[in-house]
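need a 3D model of the sequence below.
(chains A and B)
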Number of protein chains: 2
Amino acid sequence: MTEKPRKATASTQSMMRIFTVPEAPESTLSKIEHALSEDLAGFLTQSIVALEKPLGEIEKDFQAYDIPMEPTFVSDYTEEMMQNLVAHSVHTAAPSFIGHMTSAMPYFVLPLSKVMVGLNQNLVKIETSKAFTPLERQVLGMMHHLVFGNEASFYDRWMHSADHSLGAFCSGGTIANITALWIARNQLLKADGDFPGVTSAGLMAALRHYGWQDLAILVSERGHYSLGKAADLLGIGRQNIVSIPTDANNKVDVAKMRAEAERLTAAGIRVMAIVGVAGTTETGNIDPLPQLADLAAEFQCHFHVDGAWGGASLMSSKYRYLLDGIERADSVTIDAHKQLYVPMGAGMVLFRDPKLARAIVHHAEYILRRGSKDLGSQTLEGSRPGMAMLVHACLNIIGRHGYEILINNSLEKARFFAGLIKADPDFELISEPELCLLTYRYVPQQVQQALSAAIAANDWKKVNCINGLLNELTQVVQKTQREQGISFVSRTRLQPARYQRQTVTVFRVVLANPLTTEQILKDVLAEEQLLASQQHGLLMKLQAACE
Amino acid sequence: MTEKPRKATASTQSMMRIFTVPEAPESTLSKIEHALSEDLAGFLTQSIVALEKPLGEIEKDFQAYDIPMEPTFVSDYTEEMMQNLVAHSVHTAAPSFIGHMTSAMPYFVLPLSKVMVGLNQNLVKIETSKAFTPLERQVLGMMHHLVFGNEASFYDRWMHSADHSLGAFCSGGTIANITALWIARNQLLKADGDFPGVTSAGLMAALRHYGWQDLAILVSERGHYSLGKAADLLGIGRQNIVSIPTDANNKVDVAKMRAEAERLTAAGIRVMAIVGVAGTTETGNIDPLPQLADLAAEFQCHFHVDGAWGGASLMSSKYRYLLDGIERADSVTIDAHKQLYVPMGAGMVLFRDPKLARAIVHHAEYILRRGSKDLGSQTLEGSRPGMAMLVHACLNIIGRHGYEILINNSLEKARFFAGLIKADPDFELISEPELCLLTYRYVPQQVQQALSAAIAANDWKKVNCINGLLNELTQVVQKTQREQGISFVSRTRLQPARYQRQTVTVFRVVLANPLTTEQILKDVLAEEQLLASQQHGLLMKLQAACE
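Down below sits the predicted model:
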């Protein structure tokens, strides 16, 4: 019997061993894995420390910049990472952490993700993915059907066709939005006579050929920041993402969008795309999609709907009417890692017309040969993992009726929480939940009365002064609540119509976690009330400002 | 005791259960997971069928386009997927499958990936990743140090600095290459006086401002297809990726690149970037990086090195001289999911100058606030998983010395295989291995003699005729070998100098799997010889062509 040496050493033998000898059942890592399988929620609660450590402190454990010369034993490494990394990660699945767009996950995705990683397929080409390719195409077909609801013959014909795509799978909504706008640009500036198209000749030559000064993308001021990134990347320029004001319900003002489209067109700037937001990340509202579809038809431009977060609500037959008009989009973004309960890294863009992705098709010599069914010929990413398997599993194991229950519960829980907030004289609901997202803030009753009086008296200076102090209060309460680690709401800044678009800092919650109970919601408010009451200095300033 | 119903039903209770009740140890999925943990290689070998099923047959199991109404039991779903999906996936880890860039993985990445999925962090912002953010920055720092080898003070100062990035983590090499060229474009067309920069104003306005007709990117004809995709996406245009011929060793001809750069500059086209390939995907060769660095300095353009596959060879102190000059690059792409043995979905681009990524920096209201350490403000992707954790694990557990052994073994195994091929009179080595990739083909001895004679006699028509038949033979042997499922080599097409750049189809192998033995390599050649000998028709035509 040899004793375990204190230091690991590198030898051909020891290196072969890590590729051939699995973890022994009594090893540290095996025990952790076992604990994870037995009770994920318990594991996370026990392993992640509640009280937040400052980032500067955490960073101290990640200072070494040189790759260690000698190997480390798996058990030693694992113990270190449990302390330095896992303990200081974020408990995104906690039922009281209602500020995240990610939530608890179904148990079966954990073992299935291990199967996925073990198979290590690369979806870029059939040669490294085989059955994963038709599986991914089926997932895209199912999601396409959920959005567009075409007939059986449509899916029979196009779902597995080599030269067609019902969508593109990707790592997340940002890549999905970029893909949609890339297609829109290339479709608009396509080959024409001797002109080989923007794909080949570039944007400068394309604009010259078509005689336009510039391209523009119209979207609500609540559009996701990834659209600006797309405009930058595609050479369109961030200033050509034209931001259109929203109404009191955070929905884009279509009349203002039409006026802007007319102004741009008259100036020789071609409206390339109109983007409808189906669930803004800040307030959860949905743009008037049918009117946007009409406008896109009128200006003959691409109509993209960003339903990265809200698109999953189509699963609810009770509430899907909220997204009416989405079926008229040319392309739709939906993230599976948000309300479809799939782990991080699963985004999709769906195309109404299966020929749309031809605008970005590309081939290569040893890969993505013409006529092949390689998915990589019509995606922005190259090599990528078989995440579609986890979406496939969720769609099948949960089913439409299962999602109906989950989504309806989320939406109704948000309405319940909005009711709690409205019933409490010390809170102000800032945006009503249309899906399962809402915003609010803590405003003591007498401050609310002072605010109303100041508004009635048109004393906007006073309103501004009070709101400034409330913003400070909201910020400190949110930060302290997060640091204490019992519950978590996120925060953002809005410009509500009621306050003449003065900037207001708000709490933002997303009620997608099936494990969040009504009691937890009551506790979240009580904790905020308590934390606010401890801000004596700010409360005194507020009192003074109200007089 | 109630009997298990035959059909799953959706109820609030059953839906809550999938979020709270882990798989029972005796469940199908738990058993599979256990088998996977006990012996990954055995699981894959037993679960994946050897004999290839035609794709059309596989597709039959993925026809349903509607999301099922009712839930499915996890065990029923799992059994179905073991048959329809897992059985017909690709055994990328098999030691005899030497045509893939992915190979066997160390055992510890499986349980660790389960921890990663269970934690479900989102690296876009601190709020959903906390300790994963400094961990990812450390991984980028370690890889930066591997490439650029700066001093301690450099890493102490920049590695965790909010406004700086030593690199960007992403899903793979394609996104890494696009990110590098996006930065190069924005850096070149930066804000200047009243001009707000390409980011804001778009490409047309930027080219007008700077007075250039177009931008160009210079790269070897062996450059990866993702560069064309980047040129398309960035609005530069595929025809402005200028493809430069390579020498007999598949290395870019620097004199020709200089001539091209001069021609473009004279025509008012600005050379935006020079890309050096450090390990071409088709032949594994490395461009003369020091000369390319000189050329980039001369033309004052960005110098990017695509080491997606080959960059990991820097781990070998014995062979890293092959990549000399890489430390002069402005940006370098390296995939961890290739020769660093990390599962699919881990790419990186590293920046010599920590300020470089400012050219693509972006902020938003509720996220990526100015001054925050949110990684998402300087990445192309938005939400993305904590894959950096698996790279961190491999770097620490394997260590420099461990990788040294693995990389050296791979390179030396390739040299051994090249020796086998050269010693066999019926095979022709097409490209010598510089790293661990080589290409070859089966050419019976008398055909080789006839080819040599025809070349000596300058009878290129005859050479062309023979090569055409050999191409058919190579293609059918490769396809049959793959379908039989005992071993796998990939195939590509090259234009070797020896054949006056006639197109030649070749077998391509990547010897990165530590479990591939010398005996397996001998068996692969024997199998190819046997399969070729069964192609009676083609062999007779070849015989006739040689006369």
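
any buried residues in stretch A:305-321, and which?
By 16 or more other C-beta atoms under 10 Å in any protein chain shown, the buried positions in stretch A:305-321 come out as A:305-316, A:319. Heads up, the C-betas are built off the backbone N, CA and C, glycines and all.

and which of those is nearest chain B?
Nearest to chain B, judged by C-beta to the nearest C-beta, of these is residue A:315 at 7.8 Å.

any idea how many residues pack against the nearest residue to that closest one once chain neighbours are set aside?
Take residue A:315 and drop its neighbours on the chain: the residue closest to it by C-beta to C-beta, 6 or more residues apart in numbering or on different chains is residue A:403, 3.7 Å away. Neighbourhood size, residue A:403 [other C-beta atoms under 10 Å in any protein chain shown]: 25.

so residue A:403 lies in a helix, does it not?
Yes: Residue A:403: assigned to a helix according to DSSP: H, G, I helix; E, B strand; the rest coil.

would you mind measuring from it to residue B:19?
13 Å (C-beta to C-beta, to the nearest Å).

same check on residue A:133?
30 Å.

the two: which has the busier surroundings?
Neighbour count, other C-beta under 10 Å: between residue A:133 and residue B:19, residue A:133 has more, with 29 against 20.

quick one, what contacts that one?
A:123, A:126, A:373, A:374, A:375, B:55 (C-beta atoms under 8 Å, 6 or more residues apart in numbering or on different chains).

tell me which helix or strand comes right after the host helix or strand of it.
In this structure, residue A:133 sits in helix A:132-148 according to DSSP states H and E. Sequence order places helix A:152-158 as the next helix or strand after helix A:132-148, per DSSP H and E.

buried residues in that following helix, which are they?
So, applying 16+ other C-beta under 10 Å, buried residues of helix A:152-158: A:154, A:155, A:158.

show me what the helix or strand following it is packed up against.
Next along the chain after helix A:152-158, taking DSSP H and E as the criterion, comes strand A:167-170. Helices and strands touching strand A:167-170, by 3 or more C-beta pairs under 8 Å, 6 or more residues apart in numbering or on different chains; DSSP states H and E, are helix A:132-148, helix A:173-188, strand A:347-351.

point out the most buried one among those.
Comparing the helices and strands packed on strand A:167-170 by mean neighbour count (mean count of other C-beta atoms under 10 Å in any protein chain shown), strand A:347-351 comes out on top with a mean of 29.

got the residues of the stretch 351-500 of chain A near chain B?
By C-beta under 8 Å from any C-beta of the partner chain, the part of the stretch 351-500 of chain A that sits against chain B consists of A:360, A:362-368, A:373, A:380-386, A:389, A:392-393, A:395-406, A:409, A:482, A:490-493.

poorly predicted segments of the stretch 151-300 of chain A, please.
In the prediction, the stretch 151-300 of chain A carries no residues with pLDDT under 70.

for it, just list every one of the strands.
A:167-170, A:214-220, A:241-244, A:269-277 (DSSP state E, counting those that start in this stretch).

could you dump the first one to PDB, C-alpha only?
C-alpha atoms of strand A:167-170 as PDB (Å, rounded to 0.1, in the frame of the first residue of the first chain):
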ATOM      1  CA  GLY A 167     -34.600  29.100 -37.000                       C
ATOM      2  CA  ALA A 168     -31.200  29.200 -35.600                       C
ATOM      3  CA  PHE A 169     -30.200  27.900 -32.200                       C
ATOM      4  CA  CYS A 170     -27.500  29.900 -30.300                       C
END
